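A.B. asks: quick one, structure for this:
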Amino acid sequence: MDNRKVVLGITQGDPSGVGMELVLRVFSDPNIYKYCTPVLYGNPKTFVAWKKHLGLQEPMYQMINSAADAKPGKLNLVVSSDDAVEFTIGTASAESGKEALLAIDKALSDAHFLEALVTAPIDKSTVAPHSNNFTGHTGYLAEALGAKSHAMILACEDLRVALVTEHVPITQLEKYLTQEKIEQKIEVVYNALRNDFNVLKPRIAVLGLNPHAGDQGLLGDEEVKIIQPAIAKHFKQGKLVYGPYSADAFFGSGNFKNFDAVIAMYHDQGLIPFKTMAFMDGVNVTAGLSIVRTSPDHGTAYDIAGKNTADPSSMRAAVYEAIHLVRNRKQFAADFENPLEYSEMRRERFRIDF
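C.D. replies: Have a look, this model is predicted:
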């Protein structure tokens, strides 16, 4: 296992929301520098303004030009903007959205020096006017990093939920929900479970779209027409993919505990049960990217921003999960670089006579 400190990028998020507050809280803890070399992309004036507002002395930072110059043991800051930003804590604004996007773009320009990226919360409605194609971090990062396919996975200790469609209006689901897309998401989730989460033989559950998973076509035929064929294709390839399951009974019965990941058809179908169980310690993972990307599983929380009440648990979990996934990815690559050596290693590790 490579225990070298992970070079970890962090974007400042919306300066009016809780993002910078959470970053300050998490990186005020000196223990975190034992595991990563953090590189913050943001506005130094915003950073100082937030420290002053919260009455914090730590963390201190050092200015660098890019992550290539990052030094361990301190918070490194790459300037995404040095403008005097006019923002009001707790209030959405166009200028805050612009600053958030500048930080994301600066991190993306530095991505070849990073092993992971943690993104602080943004307000999509204030970012979108500054970009022609912004509907959220996940799709924007995937396109910028050249990912052929990707998946949003919400992860906590006991549950991982992935989405086939992400930030899509319910009225447009028919346009975006196809058999091909379901097949792609299953493939991405399967590979992520193996490469990043260290689950060598994943069990994946796929939810239906309609109530009671369509009730054999009585309540909708998407299960029969597009979901079951997508599942069957992967099952024939030897992947342990099952379903479609009725979403309400699946979570209510605790059946999710029998699987390594659950694939939901649309945003709220998967995220409502997930956030009910893990709102403050859940982590958003983008699978399928060239670098690991995580984020807290909550938004800008304007209503509590700057009041010293924001809980940094999810941001802290996102940082540590990013470090963990980078190490898993390296270990997987090393283990499978030589299949024969890997077989011998597995035999010794688990003391199994083949």
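A.B. asks: quick one, what contacts the closest residue to Gly220 other than its chain neighbours?
C.D. replies: Nearest residue to Gly220, sequence neighbours excluded (C-beta to C-beta, 6 or more residues apart in numbering): Asn210, at 3.5 Å. To be clear about C-beta, it is placed using only N, CA and C from the backbone, and glycine gets the same treatment. By C-beta atoms under 8 Å, 6 or more residues apart in numbering, the contact set of Asn210 is Leu219, Gly220, Glu222, Glu223.
A.B. asks: quick check: the first one vs Ser16, distance?
C.D. replies: In this structure, Leu219 and Ser16 are 43 Å apart, going by C-beta to C-beta, to the nearest Å.
A.B. asks: kindly report the same for the last one.
C.D. replies: Using C-beta to C-beta, Glu223 is found at 43 Å from Ser16.
A.B. asks: Ala144 now?
C.D. replies: In this view, Ala144 and Ser16 are 24 Å apart by C-beta to C-beta.
A.B. asks: repeat for His112
C.D. replies: From His112 to Ser16 the distance is 30 Å (C-beta to C-beta).
A.B. asks: how about Ala147?
C.D. replies: From Ala147 across to Ser16, the span is 30 Å (C-beta to C-beta).
A.B. asks: more neighbours: those two, which one.
C.D. replies: Ser16 (27 against 18; other C-beta atoms under 10 Å).
A.B. asks: my read is that the more buried one contacts Thr300, right?
C.D. replies: Yes - contact status for Ser16 versus Thr300: in contact at 7.1 Å, counting by C-beta atoms under 8 Å.
A.B. asks: find residues that contact each of the two.
C.D. replies: Counting by C-beta under 8 Å, 6+ apart, the residues touching both Ser16 and Thr300 are Ala92, Asp123.
A.B. asks: what segments of the stretch 251-354 of the chain are helices?
C.D. replies: Under the criterion DSSP state H, counting those that start in this stretch, helices of the stretch 251-354 of the chain are mapped to 267-278, 313-335, 339-350.
A.B. asks: tell me which of those lies nearest to Thr294.
C.D. replies: Shortest distance between Thr294 and the helices of the stretch 251-354 of the chain, using C-beta to C-beta, is found for helix 313-335: 4.3 Å.
A.B. asks: okay then, goodbye and thanks.
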